[in-house]
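Chemist: need the 3D shape of this:
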Amino acid sequence: MSAERKSFALRLDPALYGAVARLAATDLRSVNAEIEFLLREALKTRGIKVEPPPDEPAARQG
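Modeler: Here you go, the predicted structure:
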């Protein structure tokens, strides 16, 4: 993991966490990676461009 990643606590409703965990398992990602993917996807939908981290291949961004 890159030293430049920001860590913070995130409290989620258990049902929401369960849904994200199931999606992550389907996509063969960790829950953390799935949340990051979903956030990037939501930002892209709203027209906000976020560059992928330099250590992450572009192909994994979907």
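Chemist: host element of the residue nearest the centre of the chain?
Modeler: Compute the mean C-alpha point of the chain, and by Cα atoms, centre = their mean the closest residue is residue 36, 1.5 Å away. Residue 36 belongs to helix 31-45 when elements are defined using DSSP states H and E.
Chemist: what does that helix contact?
Modeler: Contact with helix 31-45 is made by 10, 17, 20-21, 23-24, 27, 29, 49-50, 52, 61-62, as judged by Cβ atoms under 8 Å, 6 or more residues apart in numbering. Where you see a C-beta, it was placed from the backbone N, CA and C, and this is true even at glycine.
Chemist: measure the residue nearest to the centre of the chain to residue 17 for me?
Modeler: 15 Å (Cβ to Cβ, to the nearest Å).
Chemist: now swap in residue 40 and tell me
Modeler: From residue 40 to residue 17 the distance is 19 Å (Cβ to Cβ).
Chemist: higher neighbour count, these two?
Modeler: Neighbours per residue (other Cβ atoms under 10 Å) separate residue 40 from residue 17, with residue 40 holding more: 17 against 14.
Chemist: same question for the lowest-mean-pLDDT helix or strand in the chain: list its buried residues.
Modeler: Scoring the helices and strands of the chain by mean pLDDT, DSSP states H and E places helix 31-45 at the bottom, with a mean of 95. Of all the residues in helix 31-45, those buried under the rule 16 or more other Cβ atoms under 10 Å are 34-37, 40.
Chemist: and stretch 6-20, by the same measure?
Modeler: residue 20.
Chemist: one step back: mind checking which of the contacts of helix 31-45 are in helices?
Modeler: 17, 20-21, 23-24 (DSSP state H).
Chemist: let's have these in TSV, adding distance to residue 5 and pLDDT.
Modeler: Formatted as TSV, the ones in helices among the contacts of helix 31-45 follow (distance: Cβ to Cβ, whole Å; pLDDT from 0 to 100):
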residue	distance to residue 5	pLDDT
17	20	97
20	18	98
21	20	98
23	21	97
24	18	98
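Chemist: alright, that wraps it up for me.
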